[in-house]
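1. Mind folding the following:
(one chain, ligands or ions: 1)
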Amino acid sequence: MSGSGARDPAGFAVRVEETRGRRYPEWPHPYRNDYERDRDRIIHSRAFRRLEDKTQVFSRRYSDHFRTRLTHTLEVAQISRTVARVLRLNTDLTEALALAHDIGHPPFGHAGEATLDRLMRAFGDRFDHNLHALRIVETFEQKSPDFPGLNLTFEVREGIIKHSKDYSAEEFPELREYLLQRFPPLEGQLIDWADEIAYNCADLDDGYEARLLTVNQMRRGVPFFDRCWRAAACDHRAAPEKLQFNATLRRLLDVLVTDLIHHTEARVRQAGIRSVEGVRRARTRLASLSGRMGRENQRLKRFLHRNLYSHAALRADRETFTLAVEELFGFFLEHPRSLPKFYFEQTRREPVHRVVCDYIAGMTDHFLLDQHRRHLRP
Ligand code: MG
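-> Numbers count the residues shown, from 1 in each chain. The predicted structure is shown next:
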């Protein structure tokens with residue numbers, strides 16, 4: 001179960017030779033397989049580079065040390081690769097999915113997404129960052145003279161859509177090709193857990209670094225943190241608090257990842273699953289924390305919601321960005337000719353609110369504020 005080194009892939013791992021392929025056929029590459037190529041296309045995309053200036057929780061105003069959506073993405077990729085390797089899954093597909101998992105995120109974190117969604121609902125429409133990520137890789141990235149978008153394999157597009165939730169074919173007929181009545185392979189399922197583990201640990205870390213959370217508060221509010229703290233403190237009694245805290249977080253991350261690996265492996269074994277098709281047709285998603293760790297993890301999330309995400313120190317930034325998104329959205333609706341040419345041309349084929357939403361969702365934090373100043377606060 002443990003240990004590193006190359007081992008045979010599990011029977012339930014996705015095999016690149018069995019890919020359902022790309023929309024537009026391409027010649028094989030001499031030394032990179034299809035999922036490696038997809039991973040590389042994602043890294044070389046504009047949407048990926050823009051993650052550098054998209055807020056995860058703390059905007060750049062605070063410090064250069066906090067996570068951005070790009071460094072968060074790299075942490076998710078690192079955790080996912082480890083889990084995939086130990087479970088003998090397809091690490092290339094896993095890595096491509098992890099690197100793509102947030103490329104559809106609008107500027108300014110969760111508040112940006114919630115605001116765009118609220119504005120779209122006034123038109124009976126919606127904003128969803130997974131659907132937006134699919135539009136990016138299918139349409140907005142213009143890299144090749146031969147095809148629109150990145151021309152990714154089916155499995156990567158499927159994972160982009162299905163890694164974190166299930167969509168019904170009745171509600172989303174445009175997604176019908178993605179086998180909506182089936183679960184995604186384990187490579188996709190584990191991304192959501194790696195994402196959650198990465199941001200829970202990172203947000204404790206950044207919250208402490210920002211002096212919005214104290215060790216005592218975390219020990220009181222999160223019993224699991226307290227146990228990790230006591231275990232880490234036993235080993236490092238003389239160390240400064242910050243270093244004991246780091247040792248605690250390392251332990252916490254390790255316990256969560258180990259639980260995810262063991263529990264997922266146990267569920268696959270108990271269900272007697274030996275193939276990707278078995279994973280797809282299982283009764284539930286198989287990647288999961290155990291019941292006990294799942295509850296500890298929920299408690300940690302609640303603590304972060306109550307004590308960090310809703311902290312007054314983050315509110316001012318959130319209000320600034322929310323207002324900027326709302327006002328820019330209204331401005332471009334009234335003045336579609338102020339959109340860049342590519343987007344203005346889209347308004348001939350799609351409703352203006354959809355095009356404006358796509359344009360704003362692609363912006364970085366910095367560009368959003370810049371556009372807001374230019375058009376609304378000249
Ligand atoms: Mg994420």
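
2. Now do the residue in the stretch 251-378 of the chain positioned nearest to the ion, the pLDDT please.
-> Among all residues of the stretch 251-378 of the chain, K301 sits closest to the ion, at 13.6 Å; criterion: CB to the ion. (Glycine included, C-beta is placed from N, CA and C.) pLDDT for K301: 97.

3. surely it meets C201?
-> No. In this structure K301 lies outside contact range of C201 using CB atoms under 8 Å: 11.7 Å.

4. For these two, indicate the residue with more neighbours.
-> C201 (20 against 16; other CB atoms under 10 Å).

5. Quick check: closest non-adjacent residue to that one.
-> What sits nearest to C201 in space, not counting adjacent residues and going by CB to CB, 6 or more residues apart in numbering, is L253, at 4.8 Å.

6. and what of E52?
-> Leaving aside its sequence neighbours, E52 sits nearest to L70 (CB to CB, 6+ apart; 4.4 Å).

7. Tell me the residues of the protein that contact the ion?
-> 102, 195 (CB under 5 Å from the ion).

8. For the chain, identify the residue most remote from the centre.
-> A238 (37.7 Å; CA atoms, centre = their mean).

9. State whether that one is indeed within a strand.
-> No. Per DSSP: H, G, I helix; E, B strand; the rest coil, A238 lies outside any strand segment and is coil.

10. Return, as residue ranges, the portions of the protein with sub-threshold pLDDT.
-> 1-6, 60-61 (pLDDT under 70).

11. Please enumerate the strands of it.
-> Remark: no strands are assigned in the chain by DSSP state E.

12. residues contacting the closest residue to the ion within the stretch 1-150 of the chain?
-> Nearest residue of the stretch 1-150 of the chain to the ion (CB to the ion) works out as D102 at 4.4 Å. Contacts for D102 (CB atoms under 8 Å, 6 or more residues apart in numbering) come out as 51, 69, 72-73, 76, 129, 133.

13. if you set the cut-off to 10 Å instead, what comes out?
-> Counting by CB atoms under 10 Å, 6 or more residues apart in numbering, D102 touches 47-48, 51, 54, 56, 69-70, 72-73, 76, 129-130, 133, 195.

14. Please apply the same query to Y309.
-> 57, 109-111, 203, 207, 301, 315, 318.

15. Run the chain-centre distance for the longest helix anywhere in the chain.
-> Ordering each helix of the chain by length in residues (DSSP state H) puts helix 241-270 first. Relative to the centre of its chain, helix 241-270 is centred 19 Å away, using CA atoms, centre = their mean, to the nearest Å.
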